[in-house]
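Enquirer: Here is a sequence together with a model predicted from it:
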Amino acid sequence: MRFAPGGERLAPAGADDTVGVHRVDTGERVISCVGHEAWVQSVDWSPRGDLLASVANDATLRIWDAASGAELERRKQGARALSVAWSPSVR
């Protein structure tokens with residue numbers, strides 16, 4: 001689970017194979033990033049808060065548009081990853 005830059009949104013990893021974006025003040029789920037085929041292990045926000053990265057037990061890394069939930073990129077990994085993080089110097 002990671003807070004977005006600015007702290008208004010929260011993105012927990014989930015057993016339902018999705019990444020949900022929630023408002024911190026109300027808990028309301030405002031975006032669902034759908035596409036993983038297994039438990040999401042880790043999520044992280046880009047430094048500007050406009051993108052999300054996630055890794056799951058389906059051995060994929062996915063990049064999502066944090067405003068719409070649209071999948072922007074998918075990379076198949078050699079094995080499942082347990083964690084993902086953005087470099088502070090990227091976007």
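Expert: Sure, I can see it.
Enquirer: Go ahead and confirm Leu61 touches Asp44.
Expert: No - if you go by CB atoms under 8 Å, Leu61 and Asp44 don't touch, sitting 10.7 Å apart. The way it works is simple: take the backbone N, C-alpha and C, and place the C-beta from them, glycine included.
Enquirer: residues bridging contact with these two, i.e. touching both?
Expert: 53-54, 84 (CB atoms under 8 Å, 6 or more residues apart in numbering).
Enquirer: dump the residue contacts of Trp64.
Expert: By CB under 8 Å, 6+ apart, the contact set of Trp64 is 19, 33, 51-54, 70-72.
Enquirer: For these, which PyMOL command selects only the ones that are buried?
Expert: Selection command for PyMOL covering only the buried members of the contacts of Trp64, criterion 16 or more other CB atoms under 10 Å:
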select buried, resi 19+33+51+52+53+54
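Enquirer: where does the closest residue to Glu37 other than its chain neighbours land in three-state SS?
Expert: Among residues not flanking Glu37 along the chain, Asp58 sits closest, at 4.2 Å (CB to CB, 6 or more residues apart in numbering). Here Asp58 is recorded as coil under DSSP: H, G, I helix; E, B strand; the rest coil.
Enquirer: can you count the residues close to Gly20?
Expert: 19 (other CB atoms under 10 Å).
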